[in-house]
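Asker: Have a look at this prediction, sequence included:
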Amino acid sequence: MIKNIVFDLGRVIYTYQPREYLLNLGYDETQADKLMKCIFNNPLWLDIDRGLYSVREGMEKMCADFPAQADDIRRVLDDSWMDRMFDLMPESLDFFYEVKKRGYKIYILSNFGADSFAHIRERDAFFFNEADGIVVSAYEKYIKPEPEIYHCLLNRYALIPEETLFIDDNYDNITAAKALGIHGIVFTDITDCRILFNIQIDDR
């Protein structure tokens, strides 16, 4: 029987569309592609998620690596970037509360930079306060889909894998969870997620 539901954050509970964000800032397709390479698809971004650098430290390293784009990198990652890119998804938030109301224990497992996560946790405390536990990559120095971060979640909160269901938008992250005995749903949209959730719950 499934007792624990684990949610990813980006593209599951929060919007996270960096390329769209760049286009909304006024960059054309070519400029957006270049900035994606400099910032969000840069291995340094994973280092930020791993807690090796703050966003500001990572940004300065990106600027040093791509001096021609330095002004744009600083513009993209200015002090307000989190509030402009990360919005709670209303239908996902409704689903989160519905699951909580049905009596399941709720956990969050996400790849996130430390300073960025601290910002949204304070901003959206009403949401995070509903979670029974939270594991964030930057604080653990592991990132999904590395098995160690799943072990952090399971061990810290004494969760039994077979009683746990993980919802994440990334196929590799779900595959890694399943390798440890955790059930999984690859999130594509909230409608499919609801259907798959009810199937998983009914089957177990």
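Answerer: Sure thing, it's come through.
Asker: Need the nearest residue in space to Ala176, chain neighbours excluded.
Answerer: Pro145 (3.5 Å; Cβ to Cβ, 6 or more residues apart in numbering). Every C-beta, even on glycine, is put in place using the N, C-alpha and C of the backbone.
Asker: Phi, psi for the one you found please.
Answerer: Pro145 adopts backbone torsions of phi -100, psi 30, taken as degrees, to the nearest 10.
Asker: Please look at it and Lys178 and confirm they touch.
Answerer: No. Using Cβ atoms under 8 Å as the test, Pro145 is too far from Lys178 to be in contact (10.5 Å).
Asker: related to what we said a few turns ago, what's the neighbour count on the residue nearest to Ala176?
Answerer: By the measure other Cβ atoms under 10 Å, the count of residues near Pro145 is 18.
Asker: who's sitting farthest from the centroid in this structure?
Answerer: For the chain, the residue at maximal distance from the C-alpha centroid (Cα atoms, centre = their mean) is Ala68, at 29.7 Å.
Asker: Next, work out how far apart it and Trp81 are.
Answerer: Applying Cβ to Cβ, to the nearest Å, the value for Ala68 to Trp81 is 20 Å.
Asker: next one: Gly10
Answerer: As for Gly10, its distance to Trp81 is 14 Å (criterion: Cβ to Cβ).
Asker: got a list of contacts for the helix or strand bottoming out on mean pLDDT in the chain?
Answerer: Every helix and strand in the chain was compared by mean pLDDT, DSSP states H and E; the lowest is helix 190-203, with a mean of 91. Identification of contacts with helix 190-203 by Cβ atoms under 8 Å, 6 or more residues apart in numbering yields Ile2, Met89, Glu91, Ser92, Phe95, Val99, Leu165, Ile167, His183, Ile185, Phe187.
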